[in-house]
Every structure is written in structure tokens, then in C-alpha cells.
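Asks: sequence plus the predicted model coming up.
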Amino acid sequence: MRLTHYTDYALRVLIYLNLHRSRRCTAPEIAAHFRVSHHHLRKVIQDLHQRGYVTTIRGKGGGLHLLRSPEQIVIGTLVRELEPDMKLTDCFESRHHCVIAPACRGRQMFSLALKQFLAVLDQHTLADLMPARVRGQCIELLYQDAPPV
């Protein structure tokens, strides 16, 4: 299972905002620190705003802020909301016909694997991704050799 860049960027935005809860952050700032496309990040941020994960304020003094506490953001829920296609193989497609389907147990095996993958993610929140003991180290890494915003 590989998450899309879209979901990866969403997680990065949420992690960044969690690390900087005491202030508003900007999309260009986040893009610069993660060295990702500002254009793509803006789309992700808009989606996170519409889904109620972040608040956005336009204009001078504006920026982004987490709308929910990190403990309320369940990673499994976020992944389900953002991933467009959780089908691991063509076996999941109703219109797909495989000649060995009647004998093969691949569909059941991959279905179970996906359920277990999501079950693990359901046990973790944004707070778990960035526990207090590593927050300082993560901030140092973000600002190390960061391009100016």
C-alpha cells in the first residue's frame, strides 16, 4: 500500500501546524520547509479546510491553524477521507474478471491486509506522529538548511 502524494502532503501540513500551534503558519512557509510545490500544497490545504481539519485566514496576519486538537485527528480516518482508491489490486474491481478468480484467494487476502493496515492507522492520532520528546528534533530538522520564505 502506498499513500498518494496528496495524503502525504496533508499529513505534512498537519504535522507542521501541530509543531507550530502557538502561531499561524502560511502555505509558502510550509512548502519551503518541506521542499514541496506550493501550488499542490494550496490544494491540499483547501481540502483540509473544507473537511474541518484546519482554519484558514486570508490577508495580512492571516495563515493556517489546526482546527482540531492533535489527539482528535485519527490517521486512519484522514487516510480514508483523502485516498481516492484504496483498492490494492484489480481484484477489487467489480468489472474485473480474472480467469483464476474462482480458485484464487487473493482478493480475500488483500482485503484482510487493507483492513489490518487501516486498523493500525485507526489506533494513532496526529499527536502520536509527533510526540513531545521528538518535537524539538523535528523543528530543528525542518529549519536546517531551509530556503528563505
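Replies: Alright, I've got the coordinates.
Asks: how much space between Leu114 and Arg21?
Replies: 33 Å (C-beta to C-beta, to the nearest Å). Quick note: C-beta positions are derived from backbone N, CA and C, even for glycine.
Asks: tell me which stretches of this protein form helices.
Replies: 5-19, 27-34, 38-50, 75-82, 106-122, 126-129, 132-143 (DSSP state H).
Asks: tell me the mean pLDDT for the shortest one?
Replies: In this model, helix 126-129 has an average pLDDT of 93.
Asks: can I get that helix in CSV, CA atoms only?
Replies: What follows is helix 126-129, C-alpha atoms only, in CSV (Å, rounded to 0.1, in the frame of the first residue of the first chain):
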residue,chain,number,x,y,z
LEU,A,126,-1.6,13.3,14.8
ALA,A,127,-0.3,13.6,18.4
ASP,A,128,1.2,10.1,18.1
LEU,A,129,3.1,11.1,14.9
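Asks: could you list the low-pLDDT ranges of the chain?
Replies: For the chain, the stretches with pLDDT under 70 are 88-96, 146-149.
Asks: change it to 50
Replies: By pLDDT under 50, the chain contains no weakly predicted segment.
Asks: so between Leu114 and Arg21, which is more surrounded?
Replies: More crowded of Leu114 and Arg21, by other C-beta atoms under 10 Å: Leu114, with 16 against 11.
Asks: that one and Gly76 touch, don't they?
Replies: No - taking contacts as C-beta atoms under 8 Å, Leu114 lies outside contact range of Gly76: 11.3 Å.
Asks: so which of the helices of the chain comes closest to His65?
Replies: With C-beta to C-beta as the measure, helix 5-19 is the member of those nearest His65 (6.5 Å).
Asks: what comes into contact with stretch 55-75?
Replies: 11, 13-14, 17-18, 21, 23-27, 30, 45-46, 49, 52-54, 121-122, 124-130 (C-beta atoms under 8 Å, 6 or more residues apart in numbering).
Asks: as a markdown table, the helices of the chain with distance to Leu64 would be great.
Replies: Output for those, formatted as a markdown table (distance: least, C-beta to C-beta, whole Å):
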| stretch | distance to Leu64 |
| --- | --- |
| helix 5-19 | 6 |
| helix 27-34 | 7 |
| helix 38-50 | 6 |
| helix 75-82 | 16 |
| helix 106-122 | 23 |
| helix 126-129 | 14 |
| helix 132-143 | 15 |
